[in-house]
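Peer 1: kindly generate the corresponding structure for this input.
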Amino acid sequence: MSSEHCPTLGGLSESGFNPEFDLKQLVLNPNSNYHVWGWLVSGFLVLVTVTIASHTINEHLHHYCTPEIQKHKVRVIAYPAAYAVLAWLSYLKYDYETVILFFARLFESFAVYNLYMCLQAYLQPYREKNAGIKEAVSTKVFGIYNFKL
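Peer 2: Model (predicted):
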């Protein structure tokens, strides 16, 4: 065993959180407890993210006047908080990182889908207003060739 051995086990201990860890060791001997500092700082940032996302979602739901657009906005706003919690759990419980981050990626794809659907909902009135109207568009390719669409 090396002299740089960490005094605590990685992640949660086998029987849950280890309450025997002396928190004053974080200040007295910070070099051997960088992972605990990482857990605390990232946990604080997760709480900030969840708080801001919850407040923003609450405001959107309080002023819920365009449901076809706002339901997608609320889902997209919920993504950072959910991803932050899942990433923090995977940092805390490294043994299950693959499974936890699988669900984070699954939620990420759901957020991208809702971002696309939100864009579709925004553009729907424009599509209905200009249905059947074609506009001539021309652009230059590399600033040389004039290309008509």
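Peer 1: the longest helix anywhere in the chain packs against which elements?
Peer 2: The residue-count maximum for a helix in the chain (DSSP state H) belongs to helix 97-129. Helices and strands touching helix 97-129, as assessed by 3 or more Cβ pairs under 8 Å, 6 or more residues apart in numbering; DSSP states H and E, comprise helix 67-92. Placement of C-beta: from N, CA and C, glycine included.
Peer 1: what comes up buried for the helix it packs on?
Peer 2: Buried residues in helix 67-92, counted by 16 or more other Cβ atoms under 10 Å: 69-92.
Peer 1: now do the buried residues in the following helix or strand past the longest helix of the chain.
Peer 2: Next along the chain after helix 97-129, taking DSSP states H and E as the criterion, comes strand 138-141. Using 16+ other Cβ under 10 Å as the test for burial, strand 138-141 gives no buried residues.
Peer 1: what pairs with strand 138-141, parallel or antiparallel?
Peer 2: strand 145-148 (antiparallel) (DSSP bridges).
Peer 1: neighbouring contacts of the strand it pairs with?
Peer 2: With contact meaning Cβ atoms under 8 Å, 6 or more residues apart in numbering, strand 145-148 is reached by 136-141.
Peer 1: quick revisit: what average pLDDT does the longest helix of the chain get?
Peer 2: Averaging pLDDT along helix 97-129 yields 93.
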